[in-house]
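> Give me the fold of what follows.
(2 chains, ligands or ions: 2)
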Amino acid sequence: MLHDFIAFDFLRNTFYTGLLIGLIAPLLGTFIVVRRLSLLADALSHVTLAGIAFGLFLEKKTAITFITPMYGGMFFSVVGSIFIEKLRGLYKAYQEIAIPIILSGGVGLSLIFISLANGFNTDLFNYLFGSVSAVSYHDFISILVIAIIVVVLIFFFYKELVVLSFDEEHATISGIHAKRIHLLFIILTALVIAASMRIVGVLLVSALMTLPVAASMRIAKSFKQTIFLSIVFGELAVMIGLVTGYYFSIPPGGTIVMASIFMLLGAISYRYVHKKVQKWGNEE
Amino acid sequence: MQKTPVISLKNVNYAYEEKTVLENINFELQEGSFMGLLGPNGGGKTTLIKLVLGLLKPTSGTVELYGKPASRFKNKHLIGFVSQKSNAFNKGFPATVYEVVSMGLTAKIGYMHFFTKKHKKIILDAIDQVGMAAYKNRNIGELSGGQQQRVFIARALVSKPKLLILDEPTVGVDSENVQRFYELLHRLNVEKGITMLLITHDTGIITQYATDIACLNKHIHFHGKPDDYIAMNEADLSNLYGHPINKVVHDH
Ligand SMILES: Nc1ncnc2c1ncn2[C@@H]1O[C@H](COP(=O)(O)OP(=O)(O)O)[C@@H](O)[C@H]1O
Ligand SMILES: [Mg+2]
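Ligands and ions are numbered 1, 2, ... in the order given. Down below sits the predicted model:
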């Protein structure tokens, strides 16, 4: 089954890019989920869409070529993430209000750029739902660079990120620069979202960041294990999703998310059965 | 000559925007003491702690920690803190007791440095000190309120603080375990010489363990020895607080 992915160049780019995304999306996703910021990822993915639409518009209507849709998406996503933080600061008691503001702003902007570029085309469809064949070597290299940055920064700031996620007040009092670490985290999130949409698509990026974590949390015994299992589930979902998407000609966004959901159901049942068995054991 | 007090507030006033919460506070805490800070809800106890921790700056007056301005105090690992909100953490957070306690060392270890074997031993020791060794691999959310508070004390202890500040730590802990909890604090105070500042409503128990009692309701209304506090009758106390209060004192 995997043979084609190794044999054809264009599939090989997709395959390696998928491996990278299966790693970084759940890695960052674990922090997002435990901090209850899942919706923030959703809002950011819609801002990313606006950036992609902007890039497609430039590609089609102007001679500017260095701002590819992916760079446009990345740029919008990072700016959007900083914007969300400002909004959250302004509405301290209503922090979730930043989500609909940014989300609707992203969709609104996307529509404007899409119309300016004379409507939908297959490129846009690929960015919305992911694509098995649209990943170029250039995309792969860009995503590789992002993945390296993300993994290295998380490695070095892991312990601070954990403290910040668990107890922000304690982080500040103990002398950690909570605001700066949080900003770093939010920017990394924006980058991961922009990188992941090539494979899973804008609409389902947040699923790849949250579903593997939701499954992992049913089983894992510690925070480290939660991250580890999330990555395992994420990689499995991407691999299964890409292969089935390719053979059945379905956008991989759909198949990856369905694979994640099956794993989530598996994890929930595992926990259920495990508890039952323990109960029997105790009764005897 | 007296030693530099651990905490010293001189002529401190504090107001949130318009509302004055603390007025002309003069207050010292000497090394090795165990102070119980009492007072009605909204009396400004948590605000006072925030001034001491440097999270807020006084509107006027000075707040010093070990003789240095609190807002510029750098050796934060010398101060352990258990917040009033600590038991409001995300109960679904997938962290073990060990992982939570290790968080108390993060800032001390510093950026770009990693946990080593030496740190592991320090963390296990702290867990042991609060009697939670058997639970070190358990999920924090699965423990009882009293056990969680012990874990938060361990997190505060792990950086080897000289001052421990606890803001209403026994709220949500059942009465049987409250006594054990105070014994733990007492042991840390006597054996490790950790200075204690404890905010509480357990007026009965605190007088058994504290070396100093202070009552705060915008002003410091009483500051003295537990015996003097006990000796006051209820009418005096009501005058201090400006409303009737229950003084429950356990006889031993
Ligand atoms: N962030 C804040 N903004 C405005 N007022 C506050 C704030 N925090 C506390 N207060 C007010 O200050 C007073 C003292 O609060 P606090 O220090 O929490 O009292 P205590 O801990 O003794 O119950 C209360 O009346 C409270 O409403
Ligand atoms: Mg309080």
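> The residue lying farthest from the centre of chain B: what's it in contact with?
If you look at how far each residue of chain B sits from its centre, by CA atoms, centre = their mean, the farthest one is B:M112, at 30.0 Å. Going by CB atoms under 8 Å, 6 or more residues apart in numbering or on different chains, B:M112 touches A:F156. Quick note: C-beta positions are derived from backbone N, CA and C, even for glycine.
> That one in helix, strand or coil?
With DSSP: H, G, I helix; E, B strand; the rest coil as the basis, B:M112 sits in coil.
> Could you tell me the phi and psi values at it?
phi 60, psi 10 (degrees, to the nearest 10).
> what does the one 4 residues further on give?
As for B:T116, its main-chain torsions (degrees, to the nearest 10) stand at phi -120, psi -180.
> what separates it from A:L58, distance-wise?
51 Å (CB to CB, to the nearest Å).
> just to revisit the earlier point, quick one: the residue farthest from the centre of chain B from ligand 2, how far?
Separation of B:M112 from ligand 2 (CB to the ion, to the nearest Å): 36 Å.
> hang on, B:G67 packs against B:T4?
Yes. With contact defined as CB atoms under 8 Å, B:G67 reaches B:T4; the gap is 4.4 Å.
> So those two - more neighbours on which side?
Just comparing B:G67 and B:T4: by other CB atoms under 10 Å in any protein chain shown the higher neighbour count belongs to B:T4, 14 against 11.
> list the contacts for the more buried one?
Neighbour list for B:T4: B:66-67 [criterion: CB under 8 Å, 6+ apart].
> Over to the one 10 residues further on?
Listed by CB under 8 Å, 6+ apart, the contact set of B:Y14 reads B:20-22, B:44, B:47-48, B:51, B:56, B:58-59.
> In helices, which of those residues appear?
Members of the contacts of B:Y14 lying in helices (criterion: DSSP state H): B:47-48, B:51.
> need the residues you listed in CSV with pLDDT, distance to A:L28 and neighbour count, can you?
As requested, these are arranged in CSV below (pLDDT from 0 to 100; distance: CB to CB, whole Å; neighbours: other CB atoms under 10 Å in any protein chain shown):
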residue, pLDDT, distance to A:L28, neighbour count
B:T47, 96, 37, 18
B:L48, 96, 39, 29
B:L51, 95, 37, 24
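> immediately after the helix or strand hosting A:R180, which helix or strand?
Per DSSP states H and E, A:R180 falls inside helix A:178-200. Counting by DSSP H and E, the element after helix A:178-200 in chain order, helix or strand, is helix A:205-219.
> Show me what that following helix is packed up against.
With contacts defined as 3 or more CB pairs under 8 Å, 6 or more residues apart in numbering or on different chains; DSSP states H and E, the packing partners of helix A:205-219 are helix A:9-34, helix A:38-61, helix A:178-200, helix A:223-248, helix A:252-283.
> Minimum distance to ligand 1: which of the ones you listed has it?
Of all the helices and strands packed on helix A:205-219, helix A:178-200 sits nearest to ligand 1, with 17.3 Å by CB to the nearest ligand atom.
> buried ones in that closest one?
Within helix A:178-200, the residues that count as buried by 16 or more other CB atoms under 10 Å in any protein chain shown are A:178, A:181-182, A:184-200.
> With stretch A:207-225 instead?
If you call a residue buried by 16+ other CB under 10 Å, then stretch A:207-225 has these buried ones: A:207-220, A:222-224.
> repeat for stretch B:188-207
Residues B:188-189, B:194-203, B:205-207 are the ones in stretch B:188-207 that count as buried (16+ other CB under 10 Å).
> Just those: which are in helices?
Among those, the members falling in helices (DSSP H) are B:188-189, B:203, B:205-207.
> In JSON lines: these, plus distance to ligand 2.
Below are those laid out as JSON lines (distance: CB to the ion, whole Å):
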{"residue": "B:L188", "distance to ligand 2": "22"}
{"residue": "B:N189", "distance to ligand 2": "22"}
{"residue": "B:T203", "distance to ligand 2": "16"}
{"residue": "B:I205", "distance to ligand 2": "18"}
{"residue": "B:I206", "distance to ligand 2": "15"}
{"residue": "B:T207", "distance to ligand 2": "20"}
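> From those, pick the one nearest A:I21.
Distance to A:I21 across these (CB to CB) is lowest for B:L188, with 48.4 Å.
> Roughly how far does that closest one sit from B:I194?
B:L188 is 5 Å from B:I194, where distance means CB to CB.
> likewise A:I173?
For A:I173 relative to B:I194 (CB to CB), the value is 17 Å.
> in the chain, what spans have low per-residue confidence?
In the absence of a named chain, chain A is used. Residue ranges of chain A with pLDDT under 70: A:1-2, A:284.
> Can you look at chain B instead?
Looking at chain B by pLDDT under 70, you get B:1-2, B:233-252.
> quick one: the helices in it?
Along chain B, the stretches classed as helices by DSSP H are B:45-52, B:97-109, B:117-129, B:145-157, B:175-191, B:203-209, B:226-231, B:234-241.
> For A:F54, which of those helices is the nearest?
helix B:97-109 (39.7 Å).
> Share the number of residues neighbouring A:S115, please.
Taking other CB under 10 Å as the neighbour definition, A:S115 ends up with a count of 12.
> hang on, it is in a helix, isn't it?
Yes. Checked against three-state DSSP, A:S115 lies within a helix.
> tell me the contacts of it?
With CB under 8 Å, 6+ apart as the criterion, no residue contacts A:S115.
> Can you pull the residues of chain B lying near chain A?
Applying CB under 8 Å from any CB of the partner chain, one finds that chain B approaches chain A through B:53, B:55, B:74, B:76-77, B:81, B:83, B:85-86, B:89-90, B:92-96, B:98-100, B:102-104, B:106-109, B:111-112, B:114-115, B:137, B:139, B:155, B:159.
> Could I have the buried ones of those as ChimeraX selection syntax?
Only the buried members of the residues of chain B next to chain A enter the following ChimeraX selection, criterion being 16+ other CB under 10 Å:
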select /B:53,76,77,81,83,86,89,93,94,95,96,98,99,100,102,103,104,106,107,108,109,139,155,159
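> What count of nearby residues applies to the residue of the stretch 1-150 of chain A found nearest ligand 1?
Relative to ligand 1, the nearest point of the stretch 1-150 of chain A is A:K92 (10.0 Å; CB to the nearest ligand atom). Neighbourhood size, A:K92 [other CB under 10 Å]: 7.
> ok, it to ligand 2 distance?
Using CB to the ion, A:K92 is found at 19 Å from ligand 2.
> now swap in A:E160 and tell me
27 Å.
> where's that residue relative to A:R180, distance?
A:E160 is 9 Å from A:R180, by CB to CB.
> So which bits of chain A are right by chain B?
Contact residues, chain A versus chain B (CB under 8 Å from any CB): A:34, A:36, A:156-157, A:159-160, A:162-163, A:165-167, A:169-176, A:217, A:220-226.
> Generate a PyMOL selection restricted to the buried entries among those.
Buried subset of the residues of chain A next to chain B, written as a PyMOL selection, criterion 16+ other CB under 10 Å:
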select buried, chain A and resi 34+157+159+160+162+163+165+166+167+170+171+172+173+174+175+176+217+220+222+223+224+226
